[in-house]
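[1] One predicted model, sequence on top.
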Amino acid sequence: MGRFNGAFEREKFMTLKTTLKATTAAVLFLSGTAAFADSHATHPVTGETLATDQTFTYRDLDESPSIDPGKAEDAAGGDILRDLFEGLMAQDGDGNIVPGVATGYEVSDDKLTYTFTLRDNAKWSNGEPVVAGDFEYAWKRAASPELASPYSWYIELMSIENASAVIAGEMEPSELGVTATDDKTLVVKLTQPLPYFPQMVVHYTTFPVPRATIEEFGDDWTKPGNMVSNGAYILTEHVPQEKLVRERNVNYWDNENTIIEKTTSLVINDENVALTRFLAGELDRTEVPSGQFPALAAEYPDDIMSVPNACSYYYTVNMTDTGNPALQDANVRQALSMAVDRDVIVENVLAGGQKPAYTFTHWATAGFETPDIPMASMTQAERNAKAVEMMEAAGYNKDNPLSVDLIYNTSDAHKGIAIAISQMWKQTLGVETQLSNEEWQVFLETRGNQDYQVARAGWCADYNEASTFLDLMQSESGYNDAKYNNPEVDALLAHAKTADNPQADYTAVEQFIAQDTPIIPIYHYSADKMLRGTVKGWAYDNFQQNWYSKDLYRVVGE
Amino acid sequence: MFSFVARRLAVAIPTLLILVVLSFILMYAAPGGPFNSERPLPPEVLANIEAKYGLDQPFWKRIYDYIVGVVLHFDFGPSFKFKDRSVNDIIAQGFPVTLTYGSIAFLVAIVVGVSLGVAAAVKQNSWLDYLAVGISIGAQVLPNFVMAPILLLTFTLWLGWLPGGGWNGGQWEHLVMPVIALSTSYMASIARITRSSMLEVLNTNFIRTAQAKGLSMRRVIWKHAMKPAMLPVLSYLGPAFVGMITGSVVIDSFFSTGGIGTFFVNSAFTRDYSVMMGITILVGSLTILFNLLVDVLYAWIDPKIRY
């Protein structure tokens, strides 16, 4: 899923252009001096001693559906594409935007026109210059019905003029609001002001693609040997379901500052196999299997990391007539939520860096202050007492217990949580829970058609701003599986779109969620990974974990 | 014999057609689709994709177009999930991998399995017999999904002798663990079948006659007993071979070989209709082909069998 940092404080926004110029100057200065330190004996900035072996190997869960920027649709594909290609803008390790192919941009007074200026020295891996027309071609291609990209909606999300009509086939792709006025200038026209627009052009759907190569090879253009790219790396080997290798691109404009020579992603379906191979030294990075964080952290403290990950785990409650009639009572829903001991889930079941969730919005979301939800400040004993009270008010107690069905998509991790929660409900409220699991595709249909009572759900931020979560509570949202319909929430969310500071709206929406309980927030995700301690430069503070191989380097181990 | 083969091949065509139609129906009857995800696509985006992959056509038209494409152009269509590749690409890349380690595992399973079985039968109730039976039972109760992690821990983590996965164009280091993990349970079955069939043959009159003529044991076994004893083994080997070269999803996903097995099973989960159909047809054709081959071998081994 596409993610971009959306929260863009106004002041920062206004001064961005000057910042970018300064950064560019710094970068140019560095590339001038780096030529002397070509042996890579020490890092040009930190002075650390670099290892002779500058390779980075990491695990991917599955083969990515596509590595064509126009058609790519998953996060793992994004990791690959950020190495192979470079967009107008990029991100640094903290998630701030930095110049990419563009050195900067100007915004018109009405905030509807962005003019990007491209650098002179950006080149494709075949030596041809990267021109503004490459971006124009790429964006029009991504939106075209002919390509039928599953990510064409991203162009729409960017609010580019005529995007919807082009995707719907009502207009020609040539009418999309993006134009290269000359080789170094790209003009983008928007339909509405979008403060976080510059953050959106770090996403792979907006990367330039080489027209001549695509026209020569068709769908085969993404194969090694055919692919021409403009990023710090080029594709040298790709065996689907086995591995993908990218090596340094000598034509990249900032090649002098690239340290990692070769990055390899290996497809390893099983996380325990991947962990074994990490421990055998074959991988530099892999996921920590659920529940193993404490043991691994104790044994390998230098090789493990845990950072917030922009996703929330929750249960959605069917509020319609097709669900359990008892669940139409807000007291019952809230009692179920209160009886969930989130600390036990987080500390004993998951045992990673996750945090208990009392709000839907992830605590680490930029610009979001977690509001005071009454339940959050109670002890679990107080919550349980309150839950029993509310359940009794609804007419249920241990002698006359409520019975609910809970479904989750097949996975050991979801099963463990579901069992724990059903036990909590049973012990505190006497609720009888029927657990069942469904295979993913079946599960999506069941949940999407409100053919359930309580269902497991998870949501990951598309961009780093609270509305990426809270918009799901909007009554018309296609992802509102609870069918929560509260006009006040709708009004608050609509107001937040144009408010200077939407925090008050978000606080109010979270209060409504806690009170009406269309969903039961359970925990906020963390990214728990094994990362070889000798690999430095990781984007720890990038909330979306957008990392670039060109920023990594390997130091000499002890 | 020729007319038999011709007849069997003629029957294979309608069999495959029925397989295609049935799989097609089952596939579309399953809930969900290749473009369903947690975040439903906007309708206009979905419409473009469905038009591109012909999902907006009526069912009969889709199945007709599919069969025409396969029969006339040998084109299995584009993959619905892997948007940069066609089903032909996927099979061309994955099948040689599975074929390579599957064939080697097959040979290993036959050589070791038959040797164990024959040795056990000839020296029935001796320590050799018990050892052989013990090994084959041991191998039988260790299915490949148990073997694989044991091998990985032993050879990769503790001993550090072999790479934990990958294919690397079929380098021998990458072949060892997949071959062992895949062959053991087949080897065990072959050993068991060989042993019991060999025991039966060794008790027949013609073997007793051969022994009475004073022929050496070695000659009796290789010249006279081996061929008839191999008949039951042979009927097992046909489907076993097809299974080994096509269906080892455990091996593929455990050792990241890039073989066809992972694609096959994942295509069912992701509703990648075209990949699923393509590999189903491949497996179906191979099954028919090897069953036929087994029948022909039968006639060659046992002159009593006439077609």
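    That came through, no problem.
[2] end to end, how far does stretch A:404-419 reach?
    End-to-end span of stretch A:404-419 (Cα to Cα, to the nearest Å): 13 Å.
[3] Are it and chain B in contact anywhere?
    No. Applying Cβ under 8 Å from any Cβ of the partner chain, one finds stretch A:404-419 separated from chain B by no less than 9.4 Å. The C-beta positions use only the backbone N, C-alpha and C, and glycine is treated the same way.
[4] Could you pull up the residues touching the residue in the stretch 351-500 of chain A that chain B sits nearest to?
    Using Cβ to the nearest Cβ, the closest approach of the stretch 351-500 of chain A to chain B is made by residue A:441 at 2.8 Å. Counting by Cβ atoms under 8 Å, 6 or more residues apart in numbering or on different chains, residue A:441 touches B:30, B:31, B:32, B:33, B:36, B:269, B:270, B:271.
[5] how does it look with 10 Å?
    Residue A:441 sits next to A:409, B:30, B:31, B:32, B:33, B:34, B:36, B:37, B:268, B:269, B:270, B:271 when contact means Cβ atoms under 10 Å, 6 or more residues apart in numbering or on different chains.
[6] any idea which of those is closest to residue A:473?
    Nearest to residue A:473 out of the contacts of residue A:441 is residue B:37 (Cβ to Cβ; 20.3 Å).
[7] Flag the shaky bits of the chain, pLDDT-wise.
    Answering for chain A, as no chain was given. A:1-40, A:558 (pLDDT under 70).
[8] my bad, the chain I had in mind was chain B
    For chain B, applying pLDDT under 70 flags the ranges B:247, B:307.
[9] Just give me the residue right at the centre of it.
    Nearest to the mean C-alpha position of chain B, counting by Cα atoms, centre = their mean, stands residue B:243 at 1.6 Å.
[10] Verify the assumption that that residue is located in a strand.
    No. The assignment for residue B:243 (DSSP: H, G, I helix; E, B strand; the rest coil) gives helix, which keeps it out of a strand.
[11] contacting residues for it?
    B:102, B:106, B:182, B:186, B:283, B:286, B:287, B:290.
[12] burial measure for the residue of the stretch 201-350 of chain A found nearest chain B, as a count.
    Scanning the stretch 201-350 of chain A for the residue nearest chain B gives residue A:242, at 3.4 Å (criterion: Cβ to the nearest Cβ). Residue A:242 has 27 neighbouring residues, counting by other Cβ atoms under 10 Å in any protein chain shown.
[13] Without its sequence neighbours, what residue ends up closest to the one residue in the stretch 201-307 of chain B that gets nearest to chain A?
    Nearest residue of the stretch 201-307 of chain B to chain A (Cβ to the nearest Cβ) works out as residue B:258 at 3.4 Å. Nearest residue to residue B:258, sequence neighbours excluded (Cβ to Cβ, 6 or more residues apart in numbering or on different chains): residue A:242, at 3.4 Å.
[14] That neighbour and residue B:170 touch, don't they?
    No. Under the criterion of Cβ atoms under 10 Å, residue A:242 is not in contact with residue B:170, lying 11.3 Å apart.
[15] Which residues are in contact with each of the two?
    B:97, B:257.
[16] picking that back up, tell me who's in contact with the residue nearest to residue B:258.
    Taking Cβ under 10 Å, 6+ apart, we find residue A:242 in contact with A:63, A:266-268, B:93-94, B:97, B:165-169, B:174, B:252, B:255-259, B:262.
[17] and if you look at residue B:92?
    Taking Cβ under 10 Å, 6+ apart as the test, what residue B:92 contacts is B:85, B:86.
[18] again, only this time at 8 Å
    Residue B:92 touches nothing, counting by Cβ under 8 Å, 6+ apart.
[19] what's the offset of the helix or strand where it lies from the middle of its chain?
    Assigned by DSSP states H and E, residue B:92 belongs to helix B:87-122. When distances are taken as Cα atoms, centre = their mean, to the nearest Å, helix B:87-122 is centred 8 Å away from the chain's centroid.
[20] Quick check: buried residues in it?
    In terms of neighbour count (16 or more other Cβ atoms under 10 Å in any protein chain shown), helix B:87-122 has its buried residues at B:87-91, B:93-95, B:97-102, B:104-106, B:108-110, B:112-114, B:116-122.
[21] Also near chain A: which of those, exactly?
    Among those, chain A is touched by B:90, B:93, B:94 when using Cβ under 8 Å from any Cβ.
[22] Quick one: those residues as TSV, columns for distance to residue A:160 too.
    Below are those laid out as TSV (distance: Cβ to Cβ, whole Å):
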residue	distance to residue A:160
B:90	34
B:93	37
B:94	39
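[23] Give me the residues contacting the strand or helix carrying residue B:252.
    In this assignment (DSSP H and E), residue B:252 forms part of helix B:249-255. Identification of contacts with helix B:249-255 by Cβ under 8 Å, 6+ apart yields A:241, A:269-270, A:273, B:98, B:101, B:144-145, B:148-149, B:152, B:164-166, B:174, B:177-178, B:181-182, B:257-262, B:264-265.
[24] Could I get the full set of strands for the stretch 251-400 of chain A?
    In the stretch 251-400 of chain A, the strands defined using DSSP state E, counting those that start in this stretch lie at A:262-267, A:285-287, A:304-317, A:355-356.
[25] Report the distance from the third one to the chain centre.
    Spelled out, that is strand A:304-317. Relative to where its chain is centred, strand A:304-317 has its mean C-alpha point 11 Å off (Cα atoms, centre = their mean).
[26] helices and strands around that strand, which ones?
    Of the remaining helices and strands, those touching strand A:304-317 by 3 or more Cβ pairs under 8 Å, 6 or more residues apart in numbering or on different chains; DSSP states H and E are helix A:293-299, strand A:454-460, strand A:519-531.
[27] Can you check which of these gets nearest to residue B:140?
    Closest to residue B:140 of these is helix A:293-299 (Cβ to Cβ; 34.0 Å).
[28] quick one: buried residues of whichever helix or strand residue B:209 is part of?
    For residue B:209, the element it lies in under DSSP H and E is helix B:205-212. Residues of helix B:205-212 classed as buried: B:207, B:210 (neighbour count, 16+ other Cβ under 10 Å).
[29] next one: stretch A:224-238
    A:227, A:228, A:229, A:230, A:231, A:232, A:233, A:234, A:235, A:238.
[30] Output the residues you listed as a markdown table; include the columns secondary structure and distance to residue A:549.
    Output for the buried residues of stretch A:224-238, formatted as a markdown table (DSSP: H, G, I helix; E, B strand; the rest coil; distance: Cβ to Cβ, whole Å):
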| residue | secondary structure | distance to residue A:549 |
| --- | --- | --- |
| A:227 | coil | 16 |
| A:228 | coil | 18 |
| A:229 | coil | 13 |
| A:230 | coil | 15 |
| A:231 | coil | 9 |
| A:232 | coil | 7 |
| A:233 | strand | 6 |
| A:234 | strand | 12 |
| A:235 | strand | 13 |
| A:238 | strand | 16 |
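[31] quick one: residue A:473 from residue A:462, how far?
    Using Cβ to Cβ, to the nearest Å, residue A:473 is found at 15 Å from residue A:462.
[32] helix/strand/coil for residue A:169?
    Applying three-state DSSP: residue A:169 is coil.
[33] My guess is it contacts residue B:45. True?
    No. Applying Cβ atoms under 8 Å as the test, residue A:169 and residue B:45 come out as separate, 11.1 Å apart.
[34] Between the two, tell me which one has more neighbours.
    residue B:45 (23 against 15).
[35] rewinding a little: any chance of TSV for the strands of the stretch 251-400 of chain A, columns distance to residue A:527 and mean neighbour count?
    TSV is the format used below for the strands of the stretch 251-400 of chain A (distance: least, Cβ to Cβ, whole Å; neighbours: other Cβ atoms under 10 Å in any protein chain shown):
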stretch	distance to residue A:527	mean neighbour count
strand A:262-267	16	21
strand A:285-287	8	22
strand A:304-317	4	21
strand A:355-356	13	18
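[36] I appreciate the help and will end here.
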